[in-house]
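Novice: Compute the structure for the input listed below.
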Amino acid sequence: MTSTNEKSVSRPERMNVGVIGVGMIADTFIRNMTERFSILNVSACASRRFERAQETAERYGIEAKTIDELLADPGIDIIVNLTPPEAHYSIIRRALESGKHVYTEKVLAGTLDEARELVRLADASSLELCSSPDTFLGSAIQNARQLVDRGMLGTVTSVHSSLTRNFRAIGELLPFVTQGVGGIGIDVAVYHLTALVYMLGPIRSVFGYSRTNEPKRRHFMPALPHFGEEYEVTAKTVTAGVVEFECGTLGTMLFNSDSLVHQRPRFEMMGTSGILTLANPDDFGGDVTLQREGQTTPIVVPSTFGMSADTRGAGVAEMAWAIRTGRQPRANKELAFHVLEALLGIDQAAAANQPYTMTSTAPVIAPLPEGHVTGLWVDDPESAFVDAL
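Specialist: Sure thing, here's the model as predicted:
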């Protein structure tokens with residue numbers, strides 16, 4: 001017999017997903033959305049090259065469509081946009097105009113004006129627009145957020161994040177990182193800055209320097225079709241920034257793609273009573289260490305949160321649950337716009353040689369609940385998103 005105090009909960013209707021863009025990251029997204037999240041039904045994919053969409057569709061037992069066909073399909077609820085950054089504005093706009101909710105790989109658009117237009121269009125259409133990164137939903141950043149919220153660092157007075165990698169090699173394999181907003185400040189710093197805004201709140205102002213080293217380069221890998229040809233780099237290859245958060249925390253950022261081939265991420269938060277380090281904000285999991293007064297060495301703080309493996313696509317599922325339960329998604333457009341403005345603001349500050357004052361803010365985003373850790377009996381990251389029922 002059901003108690004009158006108990007609330008009856010029914011399973012929300014699944015949301016049909018269409019994927020546009022079937023490049024390297026698409027397999028991870030489609031696999032996770034298909035295998036790990038019951039609220040999502042990935043039904044179709046599309047690409048500018050239809051034969052590539054067909055290959056992906058065959059792997060996952062879904063339908064291949066042209067982009068026009070996918071956007072016109074009345075059965076599709078959510079478009080997951082995995083195209084290169086330069087295509088984001090046009091694809092997202094078309095999807096919103098077609099009445100679809102949109103989840104996009106980072107970033108929203110190549111310019112702030114384009115991103116602002118997309119945010120306004122989504123609001124006017126009563127549609128959700130969300131954006132990667134969704135790694136802040138993972139076990140490591142959730143763990144770090146809990147330590148900050150519980151005062152284990154005291155007052156966070158400064159933060160530092162950095163990463164080095166070899167642009168020369170990555171640029172051969174991923175050509176979009178050589179162009180426009182594909183530079184390391186946007187392509188990678190977005191993970192670090194999203195994590196910081198999620199934990200510390202919105203940014204007041206930024207300053208920095210950015211540059212493009214060796215704009216004329218030559219393809220050097222003999223196995224690739226463009227071997228020996230010269231190409232032009234328009235993206236920034238080194239970005240250094242200073243960030244002032246509204247809470248008073250000051251941060252430094254350094255992202256250098258003219259370095260060694262292996263990536264060397266650093267992420268540290270320094271407070272009046274503790275120092276926290278995070279392995280890599282580009283990952284869902286990884287060690288979180290804490291050193292407090294009286295400790296000579298930091299300790300690894302075990303996480304009580306789920307999603308320690310690569311769960312890209314979690315943001316899509318979290319958005320779908322938010323739509324079905326009537327709350328704001330966590331990887332929302334306001335957060336994405338605020339982070340994009342800060343990253344573009346660093347470049348603008350560098351060009352003007354003066355600080356850039358932010359025009360946007362970011363909402364307070366609720367942490368995920370504890371206890372959804374993958375183990376012998378539990379592998380259900382989706383249950384952490386059912387917090388509104």
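Novice: Show residues contacting the helix or strand bottoming out on mean pLDDT in the chain.
Specialist: Every helix and strand of the chain was ranked by mean pLDDT, DSSP states H and E. The lowest is helix 167-173, at a mean of 75. Contacts to helix 167-173, defined as CB atoms under 8 Å, 6 or more residues apart in numbering, come from residues 177-178, 184, 217, 219-221, 224, 233, 237, 257-258, 261. For the C-beta atoms, the positions are set from N, CA and C on the backbone; glycine is no exception.
Novice: and that helix, which residues are buried?
Specialist: For helix 167-173, the neighbour count (16 or more other CB atoms under 10 Å) marks F167, R168, I170, G171, E172 as buried.
Novice: Among those, which one lies nearest to V42?
Specialist: Of all the buried residues of helix 167-173, V42 sits closest to I170, with 28.1 Å by CB to CB.
Novice: For D283, see how far away that closest one is.
Specialist: 17 Å (CB to CB, to the nearest Å).
Novice: same deal with T104?
Specialist: 20 Å.
Novice: cool, V17 as well?
Specialist: For V17 relative to D283 (CB to CB), the value is 24 Å.
Novice: Which one of the two is surrounded by more residues?
Specialist: Using other CB atoms under 10 Å as the criterion, V17 and D283 rank with V17 on top: 30 against 18.
Novice: nearest spatial neighbour of L71, skipping sequence neighbours?
Specialist: With CB to CB, 6 or more residues apart in numbering as the criterion, L71 has its nearest non-adjacent residue at 4.4 Å, and that residue is S98.
Novice: let me redo that: R292
Specialist: Going by CB to CB, 6+ apart, R292 has G274 as its nearest residue, at 4.6 Å.
Novice: I figured the one you found hits M152, correct?
Specialist: Yes: assessed by CB atoms under 8 Å, G274 is found in contact with M152 at 5.2 Å.
Novice: Which neighbours do these two have in common?
Specialist: L290, R292.
Novice: So the two - more neighbours on which side?
Specialist: Using other CB under 10 Å, the more surrounded residue of G274 and M152 is G274, with 20 against 16.
Novice: Show me what the longest helix along the chain is packed against.
Specialist: In the chain, with assignment by DSSP state H, the single longest helix is helix 333-352. Contact here means 3 or more CB pairs under 8 Å, 6 or more residues apart in numbering; DSSP states H and E; on that basis helix 333-352 packs against helix 112-124, strand 129-131, helix 184-187, helix 189-200, strand 203-211, strand 238-245, strand 356-357.
Novice: the helices in this structure, which residues?
Specialist: Using DSSP H, helices in the chain cover 26-36, 50-60, 67-72, 88-97, 112-124, 139-149, 167-173, 184-187, 189-200, 314-325, 333-352.
Novice: just so I know, which of the ones you listed lies nearest T157?
Specialist: Going by CB to CB, the one of the helices of the chain nearest T157 is helix 189-200, 11.0 Å.
Novice: tell me the angle of the closest one relative to strand 238-245?
Specialist: Angle between the axes of helix 189-200 and strand 238-245 is 10 degrees (criterion: axes from the mean of the first three to the mean of the last three CA atoms, to 10 degrees).
Novice: What is the neighbour count of the nearest residue to R266 once chain neighbours are set aside?
Specialist: Excluding the flanking residues, the one nearest R266 by CB to CB, 6+ apart is S162, at 4.7 Å. Number of residues near S162 (other CB under 10 Å) recorded here: 18.
Novice: can you check A240 too?
Specialist: Around A240 there are 18 residues (other CB under 10 Å).
Novice: just for the stretch 1-150 of the chain, where's the confidence low?
Specialist: 1-9 (pLDDT under 70).
Novice: switch the cut-off to 50
Specialist: 1-8 (pLDDT under 50).
Novice: which non-adjacent residue is nearest V156?
Specialist: Counting by CB to CB, 6+ apart, the residue nearest V156 is G271, at 4.6 Å.
Novice: list the contacts for the one you found?
Specialist: L153, G154, T155, V156, T157.
Novice: Same check on G138?
Specialist: D283, F284, G285, F305, M307, S308, T311, A314.
Novice: top of the residues you listed by neighbour count?
Specialist: That'd be A314 among those, by other CB under 10 Å, with 29 neighbours.
Novice: What's the separation between T311 and P302?
Specialist: Distance from T311 to P302, by CB to CB: 19 Å.
Novice: And D113, how far from P355?
Specialist: 21 Å.
Novice: Which one of these two is surrounded by more residues?
Specialist: Neighbours were counted for D113 and for P355 using other CB under 10 Å; P355 has more, 15 against 10.
Novice: ok, now which ones touch the more buried one?
Specialist: S205, V206, F207, A349.
Novice: Test my guess that A46 contacts I67.
Specialist: Yes: A46 is in contact with I67 according to CB under 8 Å; the separation is 4.7 Å.
Novice: the more surrounded of the two?
Specialist: With other CB under 10 Å as the criterion, A46 and I67 differ in neighbour count, and A46 comes out ahead with 28 against 21.
Novice: Let me see the contact set for that one.
Specialist: Contacts of A46 by CB under 8 Å, 6+ apart are G18, V19, I20, V22, A53, A64, K65, T66, I67, E69, L70.
Novice: Find the nearest non-adjacent residue to the fourth one, please.
Specialist: On the basis of CB to CB, 6+ apart, the spatially nearest residue to V22 that is not a chain neighbour turns out to be T56, at 4.2 Å.
Novice: can you check D134 too?
Specialist: Nearest to D134 is G315, by CB to CB, 6+ apart, at 3.0 Å.
Novice: And for that neighbour, the neighbour number?
Specialist: 26.
Novice: so it sits right up against Y103, yeah?
Specialist: Yes: G315 lies in contact with Y103 (CB under 8 Å); the separation is 6.1 Å.
Novice: Name the residues contacting each of those two.
Specialist: Common neighbours of G315 and Y103 (CB under 8 Å, 6+ apart) are C130, S131, S132, A331.
Novice: Where neighbours are concerned, which of those has the most?
Specialist: Neighbour-wise, the shared contacts of G315 and Y103 (other CB under 10 Å) top out at S131, 31 neighbours.
Novice: Quickly list what it is bridged to.
Specialist: Counting by DSSP bridges, S131 is bridged to T104.
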